[in-house]
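Enquirer: predicted coordinates and the sequence they were generated for:
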Amino acid sequence: MAAKLTSPGWYRALLYTVVGIAFTLGMSAGLRAIFNLDPVYSWQSWVTIALLMTPLFFLAGIGCFDYWWRWARGRKVVDDHADHGAHSWRDYFKVNTDHKVIGIQYICVSFFFMFVGGLMAMLVRAELAQPGRQFVDANTYNGLFSIHATLLIFLFVIPVFAGIANYVLPLMIGAPDMAFPRLNALSFWMLPLAGIMMLLSFLAPGGSFAAGWTAYAPLSVHQPMGATFFTVAVQFAGASSIATALNFLVTIITMRAPGMTFFRMPLLVWANFSTSLLVVIATPFIAASQFMVLLDRALGFNFFNPAGGGDVLMYQHVFWFYSHPAVYIMMLPGFGIISEVLATRARKPIFGYRMMAFSLLAIVVLGFTVWAHHMFVSGMQNWIRIPMMITTAIIAIPTGIKIFSWVATLWRGVLKMDTPMLWAVGFITMFTLGGISGVMLAMVPLDIHVSDTYFIVAHIHYVLFGGSMFTIFAGIYFWFPKMTGRMYNERLGKLHFWLTFVFFNLTFAPMHLIGVQGMPRRVYDYAQEFATWNLIISLSSFVLGLSSLIFLYNMIASWRGGTRAVANPWRSLTIEWQVSSPPPIFNFDAIPSVVGGPYEYGVPGAVHAVFKGAEVPSPVPAGAETSPTPATEH
Amino acid sequence: MEAAAIPAAVAHDDHHHGPPIANRSSKVEPEVLGILLFIISELMLFGAFFAAYFFIRVVAKTDWPPHGALPVEVAATNAVILLSSSLTMHWTDVSAKRGNTYAMRVGIVTTFLLGSTFLFIQINEYLSLGFNPTTNASASIFFGLTGLHGAHVVIGLLLLFMSAVRIFKGKVGPDHHKGLEVPGIYWHFVDAMWIIVFTTIYVL
């Protein structure tokens, strides 16, 4: 037992957590005594400090800092790869430095929070099935939609993309692991803590955090204790995504295989490169905004207190300076996934590869110039409106380049409409619709008319559900054979797609109509005239929710007993498919060499990467009549 | 095309222990690039607080300074202290690369002491300012920005302390100076940041 409590793992994590809770209690009391505050034991002060510090104790206990701690004390550190790779399912519950294990950890944890957040959406729709109060009071309702959005944004969409990229990106660029494997493990372990903190806010006195995921000050400053849970949880989720982004950038820049120039990188790598740039530059802004709210709440600062000379609108500027780029953080990795899926399924080179890469970078740059389009009705200076309207509309150009390039990739391709492809094509249609309503919302007059109505709810769900969520499903089905070594059930996958596609539209399309007619969002009650549409929406949403259970069943059943997957079931060219499924524990025996572009489908003899011992074929121009020796005959 | 894929069994064998050496596709060292990206992130965190400063002082036109005159001389002295610590940090770094153990030890201790002096003076300044963060929004942003910088000094000192421990245990030398170089870069950033904070808060 003593050994269990001193070596990294759950026992020590539990012990350290208890120590952390006791320590923060003492710290709170001690600090209050020093500053002569009455009473010395204040539970609010204790909970705030405990939220900030106990996670660090847990992380130390589970073993995130052991190696660094030895290093910092000048001890001998040996990298024996003891915590690299999973040999049994138990290893997925430990601190592991293998990017493949971390990827799966990320994906499973974020899907757990997806189901919790989705359940909250079901409760929201149940409350809205009829006008008047059904079964939750106004404050609980506010809490439900706030935590729904928070979980799905910070604990699902952002980290699940990080998880997928964690798994496939090092393989794709021919790297044995990420650049900083221990930092990678730390970023993962901060994530469930953030999620649990958000869920715990339901237990806080005064109810959960209920100011919407945007947490506008001064509303969030004056909320009960639940808001502190949100504020601190966002810090941990944000720190996690900054660390991961930094890791991705260093990995992509310094660890590409020989011959893998930037313009030979698969578009998923480009997409994560762009996303990581956004995260590193933008995420500190939400950290700062939440620090300021926390300082206002806990220590009586005046950042958002107009009576003390504070500026309320400043919160929105700082918040949206992160949160608008954040919508691209939640979309660009999906763009990458779609490019991979479409090219292999259409058996054609991706159309306009370089423009696809450049438009990602254009979105990164333009994404920082549009934040105030969320504030057209906030009372900010009127002159900001028009420039923001123009820049917002301009973002449709790089996005449009991508959409048209995908469509051109499909053009005259030999399409294989299996599950990942259905999700990809479904994504193109749904995201285009969401993009069009986005351009509509950029127009100041229309935005003023539909501000805070269900039109906004419809738009955000078309881009985040019809957009991001569809790409996530495409990616999960696409790389499922690689990650698990098993094939998923194609029939169930298609059923999942069609149910989701139909009921997604039945759920969210009518919201455009009731939104234009003026049904306000974020209210548990509504006028009688919207009753019919809301009943239809609620019923559809329940089927939509149930359809995700098909996905869950398919994933679990296929992982346990699906047919064995071959190394390259999709006949893809990128490197992750050239190793076994699942890949060997250290990815490669020797780093492969990259000799061509990643999407040369249909080009005779085209090769993306070769392994040591394999012959490097001489490049053949497209359409050449020669048939070179297959590289396998080495 | 996919014929290029060699069979999975050939791509790896079971007798291999440890990963292959990664290809180095850039001249920049991963650790240095990592800390530079982290510094970009930190710059943006400061940027958000400077945005708050701008909104409170310029847009909302809240009175500045928060209460009476700010002790510019004290802060200027602190700037000199921090800048000289940057010089000793650089000296430590150069000594490590040359393998001069004695200079390395003197350098890191001097740097650490200078940083601690800065922190000591800053805390004393806080105690004798005559206002606190709850006074008004200007006071909040004063403590917000200088406090954020102070927190970075603390982190920087922690990193320097680790470097110092490793130097005194003989773990740093011409071939092993990453553990000194990376905290050093961070320390230079903390010092440079003070110049910006000092200029906006105390001078302008």
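Expert: Happy to help now that I have it. Residues are numbered from 1 along each chain as shown, chains lettered A, B, ... in the order given.
Enquirer: CA only for contacts and neighbour counts going forward, please
Expert: Fine.
Enquirer: output the longest helix belonging to chain B.
Expert: helix B:137-168 (DSSP state H).
Enquirer: does chain A sit close to that one?
Expert: Yes. Using Cα under 8 Å from any Cα of the partner chain, we find that helix B:137-168 touches chain A at B:137, B:138, B:140, B:141, B:162, B:163, B:165, B:166.
Enquirer: need the pLDDT of the second one.
Expert: Per-residue confidence at residue B:138 stands at 93 (pLDDT).
Enquirer: from what I can see it touches residue B:55, true?
Expert: No. Applying Cα atoms under 8 Å, one finds residue B:138 not in contact with residue B:55, separated by 10.5 Å.
Enquirer: ok, the two, which is more surrounded?
Expert: A count of neighbours by other Cα atoms under 10 Å in any protein chain shown puts residue B:138 above the other of residue B:138 and residue B:55, at 28 against 21.
Enquirer: spatially nearest residue to that one (excluding sequence neighbours)?
Expert: Once flanking residues are discounted, residue B:138 sits nearest to residue B:66: 5.0 Å by Cα to Cα, 6 or more residues apart in numbering or on different chains.
Enquirer: shouldn't that neighbour be within a strand?
Expert: No. Counting by DSSP: H, G, I helix; E, B strand; the rest coil, residue B:66 falls outside a strand, being coil.
Enquirer: for residue A:33, grab the count of nearby residues.
Expert: Neighbour count of residue A:33, defined by other Cα under 10 Å: 14.
Enquirer: spit out the contact partners of it.
Expert: Shown in contact with residue A:33 (Cα atoms under 8 Å, 6 or more residues apart in numbering or on different chains): residue A:40.
Enquirer: secondary structure element holding it?
Expert: helix A:10-34 (DSSP states H and E).
Enquirer: pLDDT on that helix, on average?
Expert: Across helix A:10-34, the per-residue pLDDT values average to 94.
Enquirer: average pLDDT across the following helix or strand past it?
Expert: Toward the C-terminus, helix A:10-34 is succeeded by helix A:43-62 as the next helix or strand (DSSP H and E). Helix A:43-62 comes out with an average pLDDT of 94.
Enquirer: can I get helix A:43-62 as PDB, trimmed to CA atoms?
Expert: This file holds the C-alpha atoms of helix A:43-62, laid out as PDB (Å, rounded to 0.1, in the frame of the first residue of the first chain):
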ATOM      1  CA  TRP A  43     -16.100  28.700   2.200                       C
ATOM      2  CA  GLN A  44     -16.200  30.900  -1.000                       C
ATOM      3  CA  SER A  45     -12.600  31.900  -0.600                       C
ATOM      4  CA  TRP A  46     -11.700  28.300   0.200                       C
ATOM      5  CA  VAL A  47     -13.600  26.900  -2.900                       C
ATOM      6  CA  THR A  48     -12.000  29.400  -5.200                       C
ATOM      7  CA  ILE A  49      -8.500  28.600  -4.000                       C
ATOM      8  CA  ALA A  50      -9.200  24.900  -4.000                       C
ATOM      9  CA  LEU A  51     -10.500  25.000  -7.600                       C
ATOM     10  CA  LEU A  52      -7.300  26.700  -8.700                       C
ATOM     11  CA  MET A  53      -4.800  24.500  -6.800                       C
ATOM     12  CA  THR A  54      -6.300  21.100  -6.200                       C
ATOM     13  CA  PRO A  55      -6.000  20.100  -9.900                       C
ATOM     14  CA  LEU A  56      -2.200  20.700  -9.600                       C
ATOM     15  CA  PHE A  57      -2.100  18.300  -6.600                       C
ATOM     16  CA  PHE A  58      -4.000  15.700  -8.600                       C
ATOM     17  CA  LEU A  59      -1.800  16.100 -11.600                       C
ATOM     18  CA  ALA A  60       1.300  15.700  -9.400                       C
ATOM     19  CA  GLY A  61      -0.200  12.600  -7.800                       C
ATOM     20  CA  ILE A  62      -1.200  10.900 -11.100                       C
END
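Enquirer: am I right that residue A:607 falls within a strand?
Expert: No. Using three-state DSSP, the assignment for residue A:607 is coil, not a strand.
Enquirer: my read is that it contacts residue A:596, right?
Expert: Yes. Residue A:607 is within contact range of residue A:596, at 5.9 Å (criterion: Cα under 8 Å).
Enquirer: those two - which one has more neighbours?
Expert: Neighbour comparison, residue A:607 and residue A:596: the larger count goes to residue A:607, with 29 against 20 (by other Cα under 10 Å).
Enquirer: briefly note if the helix or strand where residue B:108 lies comes near chain A.
Expert: In this structure, residue B:108 sits in helix B:101-127 according to DSSP H and E. No. Helix B:101-127 does not reach chain A (Cα under 8 Å from any Cα); its nearest approach is 12.0 Å.
Enquirer: next one, pLDDT for residue A:613 please.
Expert: 58.
Enquirer: and the one 10 residues further on, by the same measure?
Expert: Reading off the confidence values, residue A:623 has pLDDT 48.
Enquirer: if we can go back for a sec, got the buried residues for the helix holding residue A:33?
Expert: Using 16 or more other Cα atoms under 10 Å in any protein chain shown as the test for burial, helix A:10-34 gives A:10-17, A:20-21, A:23-25, A:27-29, A:32.
Enquirer: low-confidence ranges in chain B?
Expert: Within chain B, the stretches with pLDDT under 70 are B:1-17.
Enquirer: ok, now which ones touch residue 135?
Expert: All of this refers to chain A. Contacts for residue A:135 (Cα under 8 Å, 6+ apart) come out as residue A:127.
Enquirer: you looked at the wrong chain, it should be chain B
Expert: Counted by Cα under 8 Å, 6+ apart, residue B:135 has contacts A:302, A:308, B:66.
Enquirer: can you put these in a markdown table and add distance to residue A:456 and neighbour count?
Expert: Formatted as a markdown table, those follow (distance: Cα to Cα, whole Å; neighbours: other Cα atoms under 10 Å in any protein chain shown):
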| residue | distance to residue A:456 | neighbour count |
| --- | --- | --- |
| A:302 | 31 | 27 |
| A:308 | 34 | 18 |
| B:66 | 41 | 20 |
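Enquirer: just the residues you listed now: which is nearest residue A:324?
Expert: Checking the contacts of residue B:135 against residue A:324 by Cα to Cα gives residue A:302 as the nearest, at 25.4 Å.
Enquirer: residues of the stretch 201-350 of chain A that sit close to chain B?
Expert: Neighbours of chain B within the stretch 201-350 of chain A, by Cα under 8 Å from any Cα: A:242, A:246-247, A:250-251, A:253-258, A:280-285, A:287-289, A:299-305, A:308-311, A:314, A:318.
Enquirer: give me the subset of those lying in helices.
Expert: Per DSSP H, those map to helices at A:242, A:246-247, A:250-251, A:253-254, A:280-285, A:287-289, A:299, A:314, A:318.
Enquirer: weed out the non-buried ones from these.
Expert: Among those, the ones that count as buried by 16+ other Cα under 10 Å are A:242, A:246-247, A:250-251, A:253-254, A:280-285, A:287-289, A:314, A:318.
Enquirer: now do the same contact list for residue 24.
Expert: No chain was given, so I picked chain A. With Cα under 8 Å, 6+ apart, residue A:24 has these contacts: A:46, A:49, A:50, A:53, A:54.
Enquirer: my bad, chain B
Expert: A:254, A:255, A:256, A:257 are the contacts of residue B:24 under Cα under 8 Å, 6+ apart.
Enquirer: mind putting those residues into a markdown table with distance to residue A:525 and pLDDT?
Expert: A markdown table is the format used below for those (distance: Cα to Cα, whole Å; pLDDT from 0 to 100):
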| residue | distance to residue A:525 | pLDDT |
| --- | --- | --- |
| A:254 | 54 | 96 |
| A:255 | 54 | 95 |
| A:256 | 55 | 95 |
| A:257 | 57 | 95 |
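Enquirer: noted, bye for now.
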